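Engineer: Build the 3D model from these lines:
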Amino acid sequence: MVNRQTLRRLKLLGEVLHSRRDYLVIRAYTVPRLGDKVYNGKGREVGYVSNIFGPVASPYVAVKPAAEAEVVEGEALYVEKS
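Structural biologist: Below is the predicted model:
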């Protein structure tokens, strides 16, 4: 079970464009740091930021998913507020 404090400290990372078994591609609304943990809308960890690429004005983020993570294309993902 996820507590409300966990959800309060998250900010929107972006939307999943591609979901594969070994990586996720996110259209980023905010730029995270490499290694930041990534969470779903329920506050559960789904992976970590492994790469940031693309144009500075609209970057993309590659996420290495956790083994048990189930993420679908179009889903919003979050990172901790810094």
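
Engineer: rest of the way, CA atoms for contacts and neighbours
Structural biologist: Noted.

Engineer: Show me where this structure dips below the pLDDT cut-off.
Structural biologist: Along the chain, segments meeting pLDDT under 70 span 1-7.

Engineer: all helices for it, in order.
Structural biologist: Applying DSSP state H to the chain gives helices spanning 4-8.

Engineer: What number of residues are in the vicinity of residue 11?
Structural biologist: Residue 11 sits with 16 neighbouring residues when counted by other Cα atoms under 10 Å.

Engineer: can you pull the contacts of it?
Structural biologist: By Cα atoms under 8 Å, 6 or more residues apart in numbering, the residues touching residue 11 are 78-81.

Engineer: Isn't residue 26 up against residue 12?
Structural biologist: No. With contacts counted by Cα atoms under 8 Å, residue 26 stays clear of residue 12, the gap being 11.2 Å.

Engineer: With neighbour numbers in mind, choose between those two.
Structural biologist: Shown here are residue 26 and residue 12; by other Cα under 10 Å, residue 26 has more neighbours (25 against 18).

Engineer: and residue 20, how many neighbours does it have?
Structural biologist: The burial count for residue 20: 12, using other Cα under 10 Å.

Engineer: coming back round to it: mind checking which of the contacts of residue 11 are buried?
Structural biologist: Neighbour-count burial within the contacts of residue 11 applies to 78-80; the criterion is 16 or more other Cα atoms under 10 Å.

Engineer: List the beta-bridge partners for residue 15.
Structural biologist: residue 27, residue 76 (DSSP bridges).

Engineer: distance of it from residue 63?
Structural biologist: In this structure, residue 15 and residue 63 are 12 Å apart, going by Cα to Cα, to the nearest Å.
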